[in-house]
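Student: Structure of the sequence below:
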Amino acid sequence: MKICIASSSGGHLTESQVLSSVYGGYDHFYILNHKIILIDEMIGKTYFITHSERDWKFFVNLFESYLILRKEKPDVIFSTGAGLVVPISLVGRYFFNCKIVFIETMAAVERPSLTGKLMYKIAHHFFYQWPSLRKYYPKAEYVGPLV
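Tutor: Predicted coordinates:
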């Protein structure tokens, strides 16, 4: 099994890395939307796509995602956000039959994030970290805080 970890830099990446003990034993790679200094584990396994803030660059992200996913052929796309996961997941699910696993960010305490609202409709498996989100995600699974 091959896993794509799609994440924006910063807190979302930190949340994703908390679960590295789960995906670390599998072949995996990262897609990020902002150049950062990579930890050793990510060197040679990370792609960078254009940073988009809900603008026309979303379409650039669709194309970039297609090229990366066609090359890497992951079975699963995993993310805690943010927005870059939407185009990656759309391409992965509908062009490459990838399973999509999404965990709503820890920062979404009282109400869902925009990315969470979109991913709830796209993801095969959706999890949230705060019980207050149960009413927004009735078919999802509560897992508690990751960190």
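Student: residue boundaries of the strands in this structure?
Tutor: 2-7, 27-32, 46-48, 76-81, 99-103, 125-128, 141-142 (DSSP state E).
Student: Output these in a markdown table; the columns should cover distance to Q17, mean neighbour count and mean pLDDT.
Tutor: For the C-beta atoms, the positions are set from N, CA and C on the backbone; glycine is no exception. As requested, the strands of the chain are exported to a markdown table (distance: least, CB to CB, whole Å; neighbours: other CB atoms under 10 Å; pLDDT from 0 to 100):
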| stretch | distance to Q17 | mean neighbour count | mean pLDDT |
| --- | --- | --- | --- |
| strand 2-7 | 8 | 24 | 97 |
| strand 27-32 | 10 | 19 | 97 |
| strand 46-48 | 12 | 16 | 97 |
| strand 76-81 | 10 | 26 | 93 |
| strand 99-103 | 12 | 22 | 97 |
| strand 125-128 | 16 | 18 | 98 |
| strand 141-142 | 21 | 12 | 98 |
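Student: Those: which one's closest to K135?
Tutor: K135 lies closest to strand 125-128 among these, at 10.7 Å (CB to CB).
Student: So what are the sheet partners of the closest one and their directions?
Tutor: strand 99-103 (parallel), strand 141-142 (parallel) (DSSP bridges).
Student: neighbours around G144, how many?
Tutor: Residues lying near G144 (other CB atoms under 10 Å) number 10.
Student: Quick one: neighbours of P87, just the number.
Tutor: 22.
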